[in-house]
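Provide a 3D model corresponding to the input given below.
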Amino acid sequence: MRCTKTARGIVLLGALVLAGIVMAQDQESSVPASAVTSKKIKAIGYVVGGGGTKVVFTGTNLAGQASGEAKVEAKTGKTDIEVKVSSLPQPSTIGTEFLTYVLWAISPDGRTSNLGEIVTDKNGDGKLNVTTQLQTFAMIVTAEPYSAVRLPSEEVVLENDTKKNTKGKIYPDSDYKLMVRGQYKKMGNPLALTPDLKTTPLEVYEARNAVDIAKSQGAEQYAPDIFAKADSSLKMVENQLARKADKKTIVSTARQTVQFAEDSRALSVQKQETERIAKERQAAADAAAAKAKAKADAAAAAEASRQAELTAAKEARMKAEADAAAIRAKSAADAAAAEQAALRAKQEAAQADAERARQQAAALRASLLEQFNRVLETTDTPRGLVVNMADVLFDTGKYDLRQEAQIKLAKLSGIILAHPGLNLAVEGYTDSTGSDELNMKLSDQRANAVRDDLISQGLAANTVTAQGFGKTMPVADNSTAAGRQKNRRVEIIVSGEVIGQKIGK
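I've put the predicted structure just below:
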């Protein structure tokens, strides 16, 4: 997904990280069920190659006077969208925690994609030109505390509708999820300050909002590393603002702050949900144990009562003693059987937990393989997920990354940042042309260039290694030009216990 020049001037890094996160919308699992609600909307299947068509936007009860229109043109592999809105209320009138508006695409199966921020003027007018890979989708506009949100808030101000001449197939009643307002209320913009955009860019207010919300969601405790980056980045924004630095520099740092804060908030919520589930399971186990103990105590009391009755029956002492012996033998057998059953149950539970962990790792591995393949060619190997960067992403005989390579690495890093616990091994290779020393040096320089770029995107340095292997491991015949081009490559081996593999070797 990319925003055109008519949208707000989003810096390359922030846009690409956001794109990586949007492609990883499976992270809705990081939001607890109590934090979301659902709603229905009409989706439209646009005709590929059918030329542009128009849909309208109607205001909800939050913005009854608002309206809008979108020109949509579905092409092979992408869909172009030109949106214009008018008469929207200022976001802060909906709630002091809201500072901006975001356009969303909703697929028929309810998956939501953040298409970008709509900045409105004092009259509530704004526009946005974007591209999406979806061809069947609905569109809504929501009020948000900052632009880099993962799920739309429940404060929907505009919903799409068809015109008489709209071309496309209608899919009614598509369900989708909304973030309930309670996740933001009394968190962002706690002092209800009205943004003074003459002295302070809107992005700065969004950055403050994002860090405040992440902190209120426990990010300091549950995602300290990422939150520390967000907090440090916000301090840098405030320092730049105080020094009256260049506006572009302030906006760029502010957007970086928003992304770090949103990542820390999502990770914090995910960890807290995991912790809650673990506590519920432990409570259930404790209740089961208490119930079993009560049952055992009752059985012991009954046994004692029977023994007392047998002792009191003096006229049938011999028979009573024989019966008591038989009962004791049976009790011992039952206890042994119960102990064996408990042991089997514990073993089965351990096996089930291990299988669930394996399945979860396999599911994440498959999901990452799919997401990586959207960015660069990726294969699943015994070493891990191998991402192949072709030679065309470098200038001939050089190790400087082309802009296309930087964009792809930014998308790749956005996906990896969303899944802590992954390790990357960057390996450089050349063809057989040139001396061994030259090839080894060039392959090592290219591998380290890729590693440095990944670390600059926010990956921890201790999780990324780099090494050059020169021409020692060809994957094709060096006697042909096509074979030599395949051999000139950089491979990124992604591994980690979270995908069922410790470290790529």
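
Quick one: mean pLDDT for stretch 411-425?
Along stretch 411-425, the predicted local confidence has a mean pLDDT of 94.

What of stretch 172-191?
Computed over stretch 172-191, the average pLDDT equals 66.

likewise stretch 366-376?
Computed over stretch 366-376, the average pLDDT equals 92.

Export that stretch to PDB, keeping only CA atoms.
As requested, C-alpha coordinates have been extracted for stretch 366-376 and formatted as PDB (Å, rounded to 0.1, in the frame of the first residue of the first chain):
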ATOM      1  CA  ALA A 366       3.500 -20.400   7.400                       C
ATOM      2  CA  SER A 367       2.100 -16.900   8.000                       C
ATOM      3  CA  LEU A 368       5.600 -15.300   7.900                       C
ATOM      4  CA  LEU A 369       6.400 -17.200   4.700                       C
ATOM      5  CA  GLU A 370       3.300 -15.800   3.000                       C
ATOM      6  CA  GLN A 371       4.100 -12.300   4.300                       C
ATOM      7  CA  PHE A 372       7.800 -12.400   3.300                       C
ATOM      8  CA  ASN A 373       6.900 -13.600  -0.200                       C
ATOM      9  CA  ARG A 374       4.800 -10.500  -0.700                       C
ATOM     10  CA  VAL A 375       8.000  -8.500  -0.300                       C
ATOM     11  CA  LEU A 376      10.800 -10.800  -1.600                       C
END
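
How far off centre is it?
14 Å (Cα atoms, centre = their mean, to the nearest Å).

which residues of the stretch 151-300 of the chain score low on pLDDT?
For the stretch 151-300 of the chain, the stretches flagged by pLDDT under 70 are 181-194.

those helices in it, which residues are they?
Here the stretch 151-300 of the chain has its helices, by DSSP state H, counting those that start in this stretch, at 202-216, 219-222, 224-242, 247-312.

Same question for the stretch 301-450 of the chain.
317-375, 403-417, 436-456.

packing partners for the second one?
Helix 403-417 is packed against helix 12-23, helix 317-375, strand 384-390, helix 436-456, with contacts defined by 3 or more Cβ pairs under 8 Å, 6 or more residues apart in numbering; DSSP states H and E. Glycine gets a C-beta too; all of them are placed from N, C-alpha and C.

go again using 6 Å as the cut-off
helix 12-23, helix 317-375 (3 or more Cβ pairs under 6 Å, 6 or more residues apart in numbering; DSSP states H and E).

Next, format those as a markdown table and append mean neighbour count and distance to Ser38.
Conversion of the helices and strands packed on helix 403-417 to a markdown table gives the following (neighbours: other Cβ atoms under 10 Å; distance: least, Cβ to Cβ, whole Å):
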| stretch | mean neighbour count | distance to Ser38 |
| --- | --- | --- |
| helix 12-23 | 21 | 20 |
| helix 317-375 | 13 | 23 |
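
Where among those helices is average confidence lowest?
Mean pLDDT, when computed for each of the helices and strands packed on helix 403-417, is lowest for helix 12-23, at a mean of 36.

Can you give me the buried ones in whatever helix or strand comes next after that one?
Proceeding N to C from helix 12-23, the next assigned helix or strand is strand 36-45, under DSSP states H and E. Going by neighbour count (16 or more other Cβ atoms under 10 Å), the buried part of strand 36-45 is 36, 39, 41-45.

Could you list the residues in contact with strand 36-45?
Strand 36-45 is touched from outside by 108, 136-138, 154, 168-169, 171-175, 177-178, 180, with contacts defined as Cβ atoms under 6 Å, 6 or more residues apart in numbering.

Tell me the helix or strand right after that strand.
Past strand 36-45, heading to the C-terminal end, the next element that is a helix or strand (DSSP H and E) is strand 53-59.

Taking strand 53-59 as reference, get the angle to the next helix or strand along the chain from that next one.
Scanning forward in sequence from strand 53-59, with DSSP H and E defining helices and strands, the next element found is strand 67-75. Angle of strand 67-75 versus strand 53-59, following axes from the mean of the first three to the mean of the last three Cα atoms, to 10 degrees, is 150 degrees.

by contact count, what packs against the helix or strand just after strand 67-75?
Once strand 67-75 ends, the next helix or strand along the chain (criterion: DSSP H and E) is strand 78-86. Packed against strand 78-86, as judged by 3+ Cβ pairs under 6 Å, 6+ apart, are the following elements: strand 67-75, strand 126-132.

Quick check: buried residues in strand 78-86?
By neighbour count on 16+ other Cβ under 10 Å, the buried set for strand 78-86 is 78-79, 81-86.
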